[in-house]
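K.L.:
with the sequence up front, the predicted model follows.
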Amino acid sequence: MKKLVIIPAYNECGSIQRAVDDIREHAPGFDYVVINDCSTDSTLDICRKNNLNYVNLSVNLGIGGAVQTGYLYACQNGYDMAVQFDGDGQHDAAYLEMMAEELVRTKSDMVIGSRFIEKEGFQSSGLRRAGIRYFSMLIRLLTGKRVTDPTSGMRIVNQDVMRIYAGSYPKDYPEPESVTAILRMGKRVTEVPVVMRKREEGVSSIGGFRTVYYMIKVTLAIFMERLRG
């Protein structure tokens, strides 16, 4: 089966090469594509200099647009499954093959790598964990399905979901909204335990007043997704 790793990258010059090397070493059965989201640092130069496989966006689309571009690339190039993988060093490629096997074995539409099943490795800050629990409860209330790590960006999907996301994908902070959307469509979502690392380089886009915006925006988006159903 053709398997693709989608690596959205915005100003990840300090870690993007390590992320690709991690995939090459620990997930050799996967191809990869870096989606450079109009970075203002040397991310694009690193991709060019080291002959990485990349798509360069001419304007900044945000995380949602970058990931959607990756799904469109996967559909156009005949991949059977695609997995999101952060370019900041938090994700571990050693779990990718296991996630792919779980997708096939359970006949799931999506498999999410969850930090909170075995609760090992970097667990994020206390405030963010509270926010994740809130979104988990909200998704369960609206869909009847339990997702322990709805904000995890480490998720693998089949062709059906690839096509859905290539056509429509949330723009900002898309993970909780996008998983709610496919649960509402009756898709099967399962989770597997993974260990994540602390961010090695760069700064998170969620912090300060943006935390409040994030909580309000994602809550409203999830409720809107529920109303569409």
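P.N.:
Received the coordinates, thanks.
K.L.:
export stretch 213-224 as PDB, just CAs?
P.N.:
Taking Å, rounded to 0.1, in the frame of the first residue of the first chain, the C-alpha atoms of stretch 213-224 are listed here in PDB:
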ATOM      1  CA  TYR A 213      -9.600  32.700  21.000                       C
ATOM      2  CA  TYR A 214      -8.700  29.100  20.400                       C
ATOM      3  CA  MET A 215     -11.200  27.800  22.900                       C
ATOM      4  CA  ILE A 216     -14.000  29.900  21.700                       C
ATOM      5  CA  LYS A 217     -13.300  29.400  18.000                       C
ATOM      6  CA  VAL A 218     -13.000  25.600  18.200                       C
ATOM      7  CA  THR A 219     -16.100  25.300  20.500                       C
ATOM      8  CA  LEU A 220     -18.200  27.300  18.000                       C
ATOM      9  CA  ALA A 221     -16.800  25.300  15.100                       C
ATOM     10  CA  ILE A 222     -17.700  22.000  16.700                       C
ATOM     11  CA  PHE A 223     -21.200  23.200  17.500                       C
ATOM     12  CA  MET A 224     -21.600  24.400  13.900                       C
END
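K.L.:
from the middle of its chain, how far away would that stretch be?
P.N.:
18 Å (Cα atoms, centre = their mean, to the nearest Å).
K.L.:
can I assume Arg197 is in contact with Gln90?
P.N.:
Yes - with contact defined as Cβ atoms under 8 Å, Arg197 reaches Gln90; the gap is 5.2 Å. (C-beta placed from N, C-alpha, C; glycine too.)
K.L.:
so which of those two has more stuff around it?
P.N.:
Gln90 (22 against 13; other Cβ atoms under 10 Å).
K.L.:
mind checking what secondary structure the most centrally placed residue in the chain has?
P.N.:
The chain has Gly153 as the residue nearest its centroid, 2.8 Å off, counting by Cα atoms, centre = their mean. When classified by DSSP: H, G, I helix; E, B strand; the rest coil, Gly153 comes out as coil.
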